[in-house]
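Asks: Sequence and predicted structure, then a few things I'm wondering about:
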Amino acid sequence: MSPSPIRFLLQAVLCSFLSLSNLCQEAAYAAEASNGASDLQQPQLRGYKPQPDSEIGSIRDIFKEPKPGLTTAPPPVIPSPPAPPEDTRFSVDLREPASIPDISQLRSAVVKLDQINLSQLPILRAATGPLPPLRLEASYSEAVTLRQLLTLAVDNNLPIKIAAAEQKSKKYDVLSSFGQLLPTSATGYVRPHTWTQGSQINFPLFYQIVYMPVFKGGHDVFDLLRARHESRAAAHFTNATINDQLLEVYVKYQELILQRALLQIRIKAVEVSQTQLQMNEDMKAAGEGTRFEVLQSRSQLLRDQQDLLKQQVDLRHAAINLAACLNLSPTMNLIPDEHDVSVTNIINPSLSIFDLTNLAIERRPELKRYEELRLAARREVQVAASELYPNASFFIVNGLANTHVRGGTGSTSASNSGLVIPAGIALAGGLINVGGTSGTNGQWINSFSAGFLLNWLLPGMGVPAMGRVLALKQQARKVALQANQTFVDIMRDLHNSYLDVLNSRAEIPVAEDAVVTAAEELRNADMRHRYGVGTNLDVLQAQRDYISALTRQADALIAYRKAQARLLHDSGTISVDTLTMGKAW
């Protein structure tokens, strides 16, 4: 065997031994760091002292009110994981309320919110200089509760007002249709001039006709029934609009709470990034860190600051959208008067999907509205068919006539055959002869007559009326099909909402466990970086994971509230009381 292979073999064995020794030493450091060994020699850094485990904050610290002086940040406070709950299994069966634990008692399932005045946010210190504050256009802030917003929406929401105005209009249509059943009065004055045989005859006539309809082909009766069905349909449409707007206000209010919670998270993220940057700068000054780690921390701080500015805008957008839904001025900055984002149950857990289906069939105003529209469409067909039937009515005529004759034979007596005028407001009402008196020239004569009028008018031999009847029959069928389609849509939305409630309910413990895991990851990454075992990149990644986990937890809690509200809406049981207290049954 030549010397060269022997030398190569000895070098390989030596390298393997050194590598194994380094790995063992790193494993020992990691084990001692994770166990919190007190005899571990910590690196001596100028201006930096590692914080003991007893002073590490909890997850709730991320939601506390930010301290005003962020530029002089204290030593880094790395959250420690909370104690896991004894039982994190959650039942998603709404029919078994006893199997659902009280989530409000879980520490990590409650997001604490503090009052945030957007005009007094702390001026953060950026890595490259002062961070310019975002100037908001709101004039003033107003703290409101959910019940106040829902009550205000019922009284001030524009879609609800529009629907209420339409409902009043339909009520007046009922009054108009009822007037067709009352007698009709016609009063008039005519002064005809007639020239015959060299004489001029003036025949002034004042008349008053009252006719009482007996049969008009059913036009008046069926039109009244149609107007009544349309008025009821308009009332149900108003109720449906109220339900829709209550849901919209509730969703926008929950969105405002979510954006406010995310703002708290972003503020704390900037605080952590600032302390992390300060720690890396101190480590670099002590010779234990690198310039690359400082640049990484500075880049993370800049991203967090930009996310904070964007979150302020998102919070303001949510307040503007809520104010627009309530028909309020956008200069008012609405602040939710709610400090906890926790699990809120507004659905009766004893109701199954079959109970909810029965409630939807019984209470959904959309189904009642289309039922009234279907009946109104059928009455409209009968109204159009009334033109094919004869009309009958009684009439009473009172006339006052006078005859003046000029020229001719100069006779002092004259006679006239009267006037033939329409009875009622149209030619279809019949013709009545008014006047027909004879007497002395210049003498006023009063006449009175009464009778029964029967006529049958068929314009176009009844073909136009028959065409309208056939067209309206198809319209009635169309409304019936729309009612069936509405029923299918309601059942689809109800089942989807029910499944969304179950799904969002099951996501809450998952998001909670993710927060616990991310907090532990952040703590371990920070410990490893302090003792030189881990890297700064691991700390930054753990920080991002922790903020993302907190965001997903807030999203899960708000999504569960929104899903319950949609289920209330789809089952027809939504109201101010059910959304605020959960009492509807």
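Replies: On my side now, so go ahead.

Asks: Just say helix, strand or coil for G287.
Replies: coil (DSSP: H, G, I helix; E, B strand; the rest coil).

Asks: Oh, that last question was meant for F394, not what I typed.
Replies: Going by three-state DSSP: F394 is strand.

Asks: isn't it right up against F215?
Replies: No: F394 lies out of contact with F215 (CB atoms under 8 Å); the separation is 11.0 Å. Glycine gets a C-beta too; all of them are placed from N, C-alpha and C.

Asks: next helix or strand past the strand or helix carrying S185?
Replies: In the assignment (DSSP states H and E), S185 maps to strand 184-190. Counting by DSSP H and E, the next helix or strand C-terminal to strand 184-190 is strand 193-196.

Asks: Could you spell out the sheet neighbours of that following strand, each with its direction?
Replies: Strand 193-196 sits in its sheet next to strand 199-202 (antiparallel), going by DSSP bridges.

Asks: average pLDDT across the strand it pairs with?
Replies: Strand 199-202 shows a mean pLDDT of 72.

Asks: residues in contact with C325?
Replies: Residues counted as contacts of C325 (CB atoms under 8 Å, 6 or more residues apart in numbering) are 153, 157, 245, 248-249, 252.

Asks: Alpha carbons of the strand holding S185, as CSV, please.
Replies: Taking Å, rounded to 0.1, in the frame of the first residue of the first chain, the C-alpha atoms of strand 184-190 are listed here in CSV:
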residue,chain,number,x,y,z
THR,A,184,-119.6,56.8,-10.2
SER,A,185,-120.9,60.4,-10.5
ALA,A,186,-120.7,62.5,-13.7
THR,A,187,-121.6,66.2,-13.6
GLY,A,188,-121.5,68.4,-16.7
TYR,A,189,-122.8,71.5,-18.5
VAL,A,190,-123.3,71.7,-22.3
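
Asks: Packing partners of that strand?
Replies: Contact partners of strand 184-190 among helices and strands, from 3 or more CB pairs under 8 Å, 6 or more residues apart in numbering; DSSP states H and E: strand 205-215.

Asks: In the strand it packs on, which residues are buried?
Replies: 205-207, 209, 211, 213 (16 or more other CB atoms under 10 Å).

Asks: Which parts of the stretch 351-500 of the chain are strands?
Replies: 391-402, 404-407, 413-415, 419-422, 431-434, 438-440, 444-455 (DSSP state E, counting those that start in this stretch).

Asks: weakest of those strands by average pLDDT?
Replies: strand 413-415 (a mean of 47).

Asks: strands paired with the strand holding S185, and their directions?
Replies: In the sheet, strand 184-190 lines up with strand 205-215 (antiparallel) (DSSP bridges).

Asks: how far off strand 444-455 does the partner strand point, in degrees?
Replies: Strand 205-215 runs at 20 degrees relative to strand 444-455, counting by axes from the mean of the first three to the mean of the last three CA atoms, to 10 degrees.

Asks: so strand 205-215 versus strand 391-402, what angle?
Replies: Using the same axes, to 10 degrees: strand 205-215 against strand 391-402 is 170 degrees.

Asks: before we move on, back to that, mind listing what's buried in the strand holding S185?
Replies: 184, 186.

Asks: Same question for stretch 297-312.
Replies: Buried residues in stretch 297-312 (16+ other CB under 10 Å): 297-298, 300-302, 304-305, 307-309, 311-312.

Asks: need the residues you listed in JSON lines with distance to G399, can you?
Replies: Below are these laid out as JSON lines (distance: CB to CB, whole Å):
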{"residue": "S297", "distance to G399": "105"}
{"residue": "R298", "distance to G399": "104"}
{"residue": "Q300", "distance to G399": "100"}
{"residue": "L301", "distance to G399": "100"}
{"residue": "L302", "distance to G399": "97"}
{"residue": "D304", "distance to G399": "95"}
{"residue": "Q305", "distance to G399": "94"}
{"residue": "D307", "distance to G399": "90"}
{"residue": "L308", "distance to G399": "90"}
{"residue": "L309", "distance to G399": "87"}
{"residue": "Q311", "distance to G399": "85"}
{"residue": "Q312", "distance to G399": "83"}
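
Asks: can you redo these as TSV with distance to P336, pLDDT and secondary structure?
Replies: Compiled in TSV, the buried residues of stretch 297-312 are given as follows (distance: CB to CB, whole Å; pLDDT from 0 to 100; DSSP: H, G, I helix; E, B strand; the rest coil):
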residue	distance to P336	pLDDT	secondary structure
S297	34	86	helix
R298	35	89	helix
Q300	30	87	helix
L301	29	89	helix
L302	30	91	helix
D304	24	89	helix
Q305	25	88	helix
D307	21	89	helix
L308	20	89	helix
L309	21	88	helix
Q311	16	90	helix
Q312	16	88	helix
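
Asks: For the host helix or strand of F222, the averaged confidence score.
Replies: Here F222 sits within helix 219-285, counting by DSSP H and E. When pLDDT is averaged along helix 219-285, the result is 91.

Asks: quick one, it and strand 391-402 angle?
Replies: Going by the same axes, to 10 degrees, helix 219-285 makes 110 degrees with strand 391-402.

Asks: Which other helices and strands does helix 219-285 contact?
Replies: So helix 219-285, by 3+ CB pairs under 8 Å, 6+ apart, packs with helix 146-156, helix 158-178, helix 291-325, strand 332-336, strand 340-341, helix 365-385, helix 536-570, helix 576-580.

Asks: could you redo the last one with a cut-off of 6 Å?
Replies: Here helix 219-285 touches helix 146-156, helix 158-178, helix 291-325, helix 365-385, helix 536-570, going by 3 or more CB pairs under 6 Å, 6 or more residues apart in numbering; DSSP states H and E.

Asks: By mean pLDDT, flag the weakest helix or strand of the chain.
Replies: Ranked by mean pLDDT, DSSP states H and E, the weakest helix or strand in the chain is strand 125-126, scoring a mean of 39.

Asks: And the pLDDT for E32?
Replies: 47.

Asks: residues in contact with the residue lying closest to A235 once chain neighbours are set aside?
Replies: Spatial nearest neighbour of A235, chain neighbours left out: Q167 (5.4 Å); criterion: CB to CB, 6 or more residues apart in numbering. For Q167, the contact set (CB atoms under 6 Å, 6 or more residues apart in numbering) comprises 234-235, 238.

Asks: Repeat that for E166.
Replies: So E166 contacts A234 (CB under 6 Å, 6+ apart).

Asks: What distance do you get for the nearest residue to T187 once chain neighbours are set aside to T184?
Replies: Leaving aside its chain neighbours, T187 sits nearest to Q208 (4.7 Å; criterion: CB to CB, 6+ apart). For Q208, the distance to T184 (CB to CB, to the nearest Å) stands at 12 Å.

Asks: try Y560
Replies: For Y560, the distance to T184 (CB to CB) stands at 63 Å.

Asks: do L522 as well
Replies: In terms of CB to CB, L522 sits 86 Å off from T184.

Asks: hmm, back to that, in TSV: the contacts of Q167, plus neighbour count.
Replies: Listed next are the contacts of Q167 as TSV, based on neighbours: other CB atoms under 10 Å:
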residue	neighbour count
A234	22
A235	20
T238	22
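
Asks: Can you tell me which of these is closest to N345?
Replies: T238 (29.5 Å; CB to CB).

Asks: Verify the stated contact: the closest one with A163.
Replies: Yes: applying CB atoms under 6 Å, one finds T238 in contact with A163, separated by 4.2 Å.

Asks: Chain neighbours aside, what residue packs nearest to S447?
Replies: G399 (4.6 Å).

Asks: What of V381?
Replies: L472 is the one closest to V381 (CB to CB, 6+ apart), at 4.5 Å.

Asks: how much space between that neighbour and S329?
Replies: 47 Å.

Asks: Looking at these two, which has the bigger crowd around it?
Replies: When L472 and S329 are compared for neighbours, L472 comes out ahead with 19 against 11, by other CB atoms under 10 Å.
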